[in-house]
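**Student:** fold the stuff below for me.
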Amino acid sequence: MKLLLLFLLSTSLFAQNQKADLKVGETFYYDVTFGSILRGKTVIKYFGKTMYDSTDHIFITYDTRFIGNIYSLHADIYATEDFSPVRIETRIRRPGKLSKGLELFFRDKNMAIFSQVTEGEYEIDTILREHPIQDVTTLPFYLMGVDLEIGSTLDLSLPQGELKLTAVKIEEVVIGEENFSTIRIESEPPGIKIWLNRKNKIPIKVYIAQSKIKMRLNRIEIDESIAVKNMNEKEKVENNEKD
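**Tutor:** Residues are numbered from 1 along each chain as shown. The predicted structure is shown next:
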């Protein structure tokens, strides 16, 4: 249950930008529903750059929790600057059950390796696709770095299968007292819908039919403790260099 490289092949395709422009500490709060009954919260935090496998990557955390602690998901996500996943570590809690997972993505091989441990039982799966593999947790933010025009399309792969995304129309979305002009993106085969704010490309709503998940942006804040931590680490490195 998880909430999401391309080259310009023709003028009908999405044109890719270099990266999504987020601030260190930027935190996204979403109201989330599962089916028609369960309600909860999803919090996504952007930590900026970190080192993984001797290379700079961006680091994000992703937390979903349903009221009553029926289900909770924590994910540590390492990705390239365009939000293509490289490594995702997951911890999923259900009543009386804990699952720990590791997902490794190999963009140059269009491959991903998934492993999971639940109550001592170990599962592993290797997935090959037609395109570099995205993930539903990172997909909405990956689309922030893509130039969108109504009618343009994008072929991509998820672990669940192949998708074609189309920017179908401009749509107004009202959240609280705010009115957002969004670009509505839909998948073929049907099952994924994403609404991006036209102003800054922030994902406003996400719908994933396969997992019956609906996410709706509640607010955005800056977690200053993340920025302070990163600054302290930077100062520590600079002081060490001076010594």
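**Student:** C-alpha only now, for contacts and for neighbours.
**Tutor:** Will do.
**Student:** quick check: buried residues in stretch 197-208?
**Tutor:** By neighbour count with 16 or more other CA atoms under 10 Å, stretch 197-208 contains the buried residues 197-198, 201-208.
**Student:** what's the closest of these to Gly176?
**Tutor:** Nearest to Gly176 among the buried residues of stretch 197-208: Ile204, at 12.4 Å, using CA to CA.
**Student:** confidence score at the closest one?
**Tutor:** pLDDT for Ile204: 96.
**Student:** kindly report the same for Leu148.
**Tutor:** For Leu148, the pLDDT comes out at 80.
**Student:** give me the number of residues near it?
**Tutor:** The number of residues packed near Leu148 is 22, by other CA atoms under 10 Å.
**Student:** for it, phi and psi?
**Tutor:** Here is the backbone geometry of Leu148 (degrees, to the nearest 10): phi -120, psi 140.
**Student:** wait, doesn't it sit right on Lys169?
**Tutor:** No: using CA atoms under 8 Å, Leu148 is not in contact with Lys169; the gap is 10.6 Å.
**Student:** circling back to that earlier point, helices - which of the buried residues of stretch 197-208 land there?
**Tutor:** Using DSSP state H, no member of the buried residues of stretch 197-208 sits in helices.
**Student:** ok, the residues you listed vs Lys214, which is closest?
**Tutor:** Closest to Lys214, out of all of the buried residues of stretch 197-208 and judged by CA to CA, is Tyr207, at 4.6 Å.
**Student:** burial check on the closest residue to the closest one other than its chain neighbours, number of neighbours?
**Tutor:** Closest residue to Tyr207 apart from its sequence neighbours, by CA to CA, 6 or more residues apart in numbering: Lys214 at 4.6 Å. Using other CA under 10 Å, Lys214 has 22 other residues around it.
**Student:** my read is Lys214 is in a strand, agree?
**Tutor:** Yes: counting by DSSP: H, G, I helix; E, B strand; the rest coil, one finds Lys214 located in a strand.
**Student:** distance of it relative to Trp195?
**Tutor:** Note on Lys214: its distance to Trp195, by CA to CA, to the nearest Å, is 12 Å.
**Student:** what is in contact with the two at once?
**Tutor:** Common contacts of Lys214 and Trp195, defined by CA atoms under 8 Å, 6 or more residues apart in numbering, comprise 205-206.
**Student:** phi, psi for the most centrally placed residue in the chain please.
**Tutor:** Among the residues of the chain, Thr138 comes closest to the average C-alpha position under CA atoms, centre = their mean, at 1.9 Å. Here is the backbone geometry of Thr138 (degrees, to the nearest 10): phi -100, psi -20.
**Student:** helices along the chain, start to end?
**Tutor:** 139-142, 224-242.
**Student:** of the buried residues of stretch 197-208, just say which sits nearest to Ile220.
**Tutor:** Taking CA to CA as the measure, Ile220 sits nearest to Ile202 out of those, at 9.8 Å.
**Student:** against Leu143, how distant is the closest one?
**Tutor:** Ile202 is 9 Å from Leu143, by CA to CA.
**Student:** and for Tyr122?
**Tutor:** Distance from Tyr122 to Leu143, counting by CA to CA: 33 Å.
**Student:** just Arg91 next, same as before
**Tutor:** Arg91 sits 25 Å away from Leu143, taking CA to CA as the criterion.
**Student:** which one of those two is surrounded by more residues?
**Tutor:** Leu143 (24 against 17).
**Student:** the residue nearest to Tyr207 bridge partners, please.
**Tutor:** Beta bridges link Lys214 to Thr33, Tyr207 when assigned by DSSP bridges.
**Student:** could you number the chain from 27 rather than 1 from now on?
**Tutor:** Right, with 27 as the first residue, what we last looked at is Lys240.
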